[in-house]
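Visitor: this one's sequence-less:
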């Protein structure tokens with residue numbers, strides 16, 4: 001007798017954190033008994049797995065989560081699945097790219113798109129499918145109607161983070177603990193506030209400590225956090241600093257993992273906004289954290305550009321952050337984005353001056369090329385090539401180990417993304 005439903009996840013390295021959170025949500029639901037879950041980490045493994053189970057289940061749901069830079073790789077996998085299994089498998093997509101580009105995603109061959117936060121949507125969707133009920137009214141999804149037109153079911157209310165586990169205990173899929181969602185700054189190149197909103201939400205200290213204990217009991221005592229900016233944790237508006245709650249969090253984590261464990265604060269995936277780099281926040285890292293390096297997001301050395309891209313800080317904030325961090329003995333990496341739309345020669349000259357000043361202060365540059373991303377205010381702007389002036393500086397400091405990143409690959413990718421986004425009304 002065939003079982004009801006299998007959920008197969010195309011579980012890639014770049015998207016594992018998203019899937020771990022979804023797995024955690026599903027594990028806490030009522031449908032784990034009626035749904036078998038499989039993970040496939042490559043196209044070959046995915047096809048093989050589907051061949052093995054295609055006759056064992058009444059319905060198979062195949063889930064993808066992906067970023068815009070992964071679009072072409074995902075398209076190849078989807079095409080291979082459709083050629084092999086036609087419509088015997090229900091294909092669903094979620095994550096940053098499908099959220100921002102539901103039409104393009106559906107026309108790739110997906111049956112539906114989960115937009116925004118997926119914990120509650122995936123649970124309701126599984127419930128409907130298991131019960132053979134119509135799922136076209138589930139909040140938070142987009143589909144194609146019988147005429148091939150896209151329709152969406154409306155945005156869900158934002159998720160209460162304390163209701164959901166940030167990783168998968170059953171499948172042993174652990175990751176940094178997400179402590180905050182939502183960013184009030186809404187930078188014009190960034191998808192985060194378009195996916196999670198601009199009102200910050202925080203997982204309670206009690207819940208975070210509960211998950212740290214689970215990790216510790218499995219021998220996982222390197223603790224990292226996921227947040228738009230680490231020192232926004234506990235802030236009612238995401239801008240002010242709740243120093244007392246931050247210290248409570250870090251102190252209790254340290255108490256759980258002891259001196260043998262390690263806490264990483266202000267490094268990937270929870271870098272620091274420059275205006276939040278203060279002596280009192282850095283002292284928390286020195287007191288409770290193990291890292292003595294931090295990453296600060298500058299993005300440009302031009303105040304005009306910082307205002308245009310809606311960063312919410314100034315060049316002076318960047319200098320103050322670096323000065324404070326270096327004074328307290330930290331190694332500093334600073335993010336810059338090259339090829340930003342509307343950048344003038346004067347903006348470039350100002351940014352180069354800031355970069356050279358920072359290098360003189362012992363800073364390393366984390367270099368990025370601008371990528372137009374769906375649903376952002378800059379999605380329709382053609383990415384500029386990295387200027388000859390920037391290249392000269394980057395080529396000069398690269399052999400000295402003063403710059404790192406994937407800016408060259410991103411520069412090529414940016415043109416592909418721009419051409420793709422021009423096809424759809426993002």
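Guide: Yep, that arrived. Predicted model, so just to flag it, every value in this text is computed and none were measured. Residues are numbered from 1 along each chain as shown.

Visitor: Okay, strands next: where are they in the stretch 101-250 of the chain?
Guide: Listed in chain order, the strands of the stretch 101-250 of the chain (DSSP state E, counting those that start in this stretch) span 112-114, 141-144, 150-152, 177-178, 180-181, 201-202, 222-223, 225-226.

Visitor: Can you add mean neighbour count, distance to residue 411 and mean pLDDT and give the ones you listed back as CSV?
Guide: Bear in mind the C-beta positions are built from the backbone N, C-alpha and C, glycine included. As requested, these are exported to CSV (neighbours: other CB atoms under 10 Å; distance: least, CB to CB, whole Å; pLDDT from 0 to 100):
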stretch, mean neighbour count, distance to residue 411, mean pLDDT
strand 112-114, 26, 29, 97
strand 141-144, 21, 31, 96
strand 150-152, 14, 31, 93
strand 177-178, 22, 30, 98
strand 180-181, 22, 30, 97
strand 201-202, 20, 35, 98
strand 222-223, 18, 33, 98
strand 225-226, 22, 27, 98
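
Visitor: Can I get these in CSV including distance to residue 102?
Guide: CSV is the format used below for the strands of the stretch 101-250 of the chain (distance: least, CB to CB, whole Å):
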stretch, distance to residue 102
strand 112-114, 4
strand 141-144, 4
strand 150-152, 6
strand 177-178, 24
strand 180-181, 21
strand 201-202, 24
strand 222-223, 35
strand 225-226, 24
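
Visitor: Out of those, which gets nearest to residue 77?
Guide: Of all these, strand 112-114 sits nearest to residue 77, with 16.1 Å by CB to CB.

Visitor: Give me the helices and strands touching the closest one, please.
Guide: Here strand 112-114 touches strand 89-94, helix 96-100, helix 102-107, helix 119-130, strand 141-144, going by 3 or more CB pairs under 8 Å, 6 or more residues apart in numbering; DSSP states H and E.

Visitor: Adding distance to residue 417, write those out as CSV.
Guide: Formatted as CSV, those follow (distance: least, CB to CB, whole Å):
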stretch, distance to residue 417
strand 89-94, 17
helix 96-100, 10
helix 102-107, 11
helix 119-130, 26
strand 141-144, 20
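
Visitor: So which of these is nearest residue 244?
Guide: Across the helices and strands packed on strand 112-114, residue 244 has its closest neighbour in helix 119-130 (29.1 Å, CB to CB).

Visitor: list the helices and strands the closest one packs on?
Guide: Packing partners of helix 119-130 (3+ CB pairs under 8 Å, 6+ apart): strand 3-10, helix 16-27, strand 57-65, strand 89-94, strand 112-114.

Visitor: Comparing these, which comes out most buried?
Guide: Neighbour counts (mean count of other CB atoms under 10 Å) averaged over each of the helices and strands packed on helix 119-130 peak at strand 112-114, with a mean of 26.

Visitor: Touching that one from outside, list them.
Guide: Identification of contacts with strand 112-114 by CB atoms under 8 Å, 6 or more residues apart in numbering yields 90, 92-94, 98-99, 102, 105-106, 121-122, 125, 135, 140-143.

Visitor: Each with direction, which strands does it pair with?
Guide: Paired neighbours of strand 112-114 in the sheet (DSSP bridges): strand 89-94 (parallel), strand 141-144 (antiparallel).

Visitor: Having no further points to raise, I will conclude here.
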